[in-house]
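In: mind looking at a prediction? Sequence and model below.
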Amino acid sequence: MVVKKITYRSLISLDYELNQIQDLDLLLERILLEARRVVHADAGSIYVKELVWEQDRKVEKLRIKYAHNDTLQKKLPAGHKLVYSVFSLDINEKTISGYCGVTKEPVNVPDVYHLPPDAPYSFNTSYDLISGYKTISTLAIPLKTADGRLIGVIQIINAKDKKGRILPFSNDDEFLISHFAANATVILQRAFTTRAMILRLIKMSELRDPRETGTHVNRVAGYAVEIYDKWAVRQHIPDTEWERFRDILRIGAMLHDVGKVAISDIILKKPARLIPEEYLIMQRHTIYGAALFDEPQSDLDVISRDIALTHHENWDGTGYPGWVDPVTGQPIKTDPDGKPRGKKGEEIPLGGRIVAIADVYDALCSKRVYKEPWAEEQVLAEIRQLSGKKFDPVLVECFFESLHNIKQIRTLYPE
């Protein structure tokens with residue numbers, strides 16, 4: 001009974017911690033992690049309900065967002081994250097998570113290889129065969145709003161005791177995770193709203209610039225967090241500061257090109273490379289973007305402004321817009337010719353230096369009206385070649401250390 005009291009107390013603390021996370025993706029991953037911790041589950045997945053096109057119509061499906069597996073994770077090299085298949089499930093009675101989504105009730109299965117004869121769902125053993133991991137006990141809990149609307153499902157796998165033996169999930173486990181899921185759903189609703197507002201802003205940019213898509217900004221933001229995580233380990237950043245910065249970095253990175261809404265369609269939608277005069281006008285998007293965060297009210301505003309303004313600065317000082325007032329665009333420090341002096345080295349804020357790499361990598365990997373996507377080896381060679389010139393050399397090392405995880409993000413947010 002003492003153990004349960006401690007668990008309930010920790011749930012209250014968890015509610016507070018989760019409320020501090022603003023970004024949707026980071027929140028989803030943290031919810032999965034904490035749900036597993038609460039009941040000592042070895043593995044699990046978190047799914048979000050999404051509308052997807054299927055045969056010229058939109059249907060509701062559960063799409064996997066994150067998967068964890070401690071047993072398989074321990075077999076990977078240090079710093080690598082588990083690579084999992086990105087897929088969607090039908091919300092129907094054929095699978096355990098799908099059935100949970102249909103009924104909006106917990107589904108507690110002691111052994112997936114010995115399902116009750118009257119169970120409408122089945123378990124696909126091919127996943128275990130491919131991964132070399134055996135699923136036994138599983139618990140699926142719906143993420144549903146107070147008015148009964150489904151937003152996702154948490155499925156956790158293989159409860160373990162202190163000796164590492166796999167156990168069925170108990171009724172107490174089911175109650176704890178249901179309680180946790182109910183509170184997490186309230187927090188998730190806020191994060192969904194924030195993400196929707198950001199993507200609407202991105203949609204405005206997309207209407208102006210076809211290259212500025214929701215999938216592009218999600219990829220850039222995801223890459224940025226992975227690079228920062230490697231950098232934070234190197235710098236021995238305290239956990240609280242690490243979590244806080246990576247949260248607001250992801251949101252700020254999504255808004256890196258928001259200033260393009262102020263650029264003429266003639267330039268934004270030109271189906272060819274820009275001439276020098278047009279390129280100078282395009283460069284102003286950094287100043288326009290930073291001006292949106294004038295009189296910052298929070299750390300998020302500050303970092304978003306810094307990223308919008310400086311993600312085209314170069315490590316060697318040859319980038320733009322240089323030392324300018326982020327509101328007026330007027331020079332603050334100038335070269336002998338009177339033009340703004342470029343920021344260089346660590347004069348460029350960390351967020352801007354990180355997003356510079358993430359943005360270029362995604363642009364080179366993606367199709368544009370004036371180019372085909374580059375081959376992977378060509379992209380990576382270019383990133384290496386620009387180390388110490390365009391990019392912070394330490395962050396380039398962090399990029400390559402996180403490349404395994406960055407490739408996974410491209411599968412999560414395809415073109």
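Out: Done, it's in. Residues are numbered from 1 along each chain as shown.

In: now the chain, which segments are flagged as low pLDDT?
Out: Applying pLDDT under 70 to the chain flags residues 1-12, 205-213, 369-370.

In: so the nearest residue to Ser264 once chain neighbours are set aside is in which element?
Out: Nearest non-adjacent residue to Ser264, counting by C-beta to C-beta, 6 or more residues apart in numbering: Ile281, 7.1 Å away. Every residue, glycine included, has its C-beta placed from N, CA and C. Ile281 is located in helix 276-282, with elements delineated by DSSP states H and E.

In: for that helix, name the packing helices and strands.
Out: helix 265-268 (3 or more C-beta pairs under 8 Å, 6 or more residues apart in numbering; DSSP states H and E).

In: now do the helix it packs on: distance to the chain's middle.
Out: Put simply, helix 265-268 sits 30 Å off its chain's centre (C-alpha atoms, centre = their mean, to the nearest Å).

In: residues of it that come out buried?
Out: Judged by neighbour count (16 or more other C-beta atoms under 10 Å), helix 265-268 contains these buried residues: Ile267, Leu268.

In: how many neighbours does Pro238 have?
Out: 10 (other C-beta atoms under 10 Å).

In: and it, how close does it get to Arg244?
Out: 10 Å (C-beta to C-beta, to the nearest Å).

In: cool, Arg36 as well?
Out: Remark: distance between Arg36 and Arg244 (C-beta to C-beta) = 23 Å.

In: of these two, who's got more company?
Out: Counted by other C-beta under 10 Å, Arg36 and Arg244 do not tie: Arg36 has more neighbours, with 22 against 16.

In: distance of Ile266 from Met282?
Out: 11 Å.

In: over to Pro120?
Out: 57 Å.

In: neighbour count winner among the two?
Out: Comparing Pro120 with Met282 by other C-beta under 10 Å, the one with more neighbours is Met282, at 19 against 14.

In: pretty sure that one contacts Ile263?
Out: Yes - the pair Met282 and Ile263 passes the contact test of C-beta atoms under 8 Å, sitting 6.1 Å apart.

In: residue boundaries of the strands in the stretch 1-150 of the chain?
Out: Counting by DSSP state E, counting those that start in this stretch, the stretch 1-150 of the chain has strands at residues 41-53, 58-69, 88-90, 107-109, 138-144, 150-160.

In: out of those, nearest to Asp362?
Out: Comparison of the strands of the stretch 1-150 of the chain against Asp362 by C-beta to C-beta identifies strand 58-69 as nearest, at 19.7 Å.

In: quick check: buried residues in that closest one?
Out: By neighbour count on 16+ other C-beta under 10 Å, the buried set for strand 58-69 is Lys61, Leu62, Ile64, Lys65, Tyr66, Ala67, His68, Asn69.

In: that concludes my questions; thank you for your assistance.
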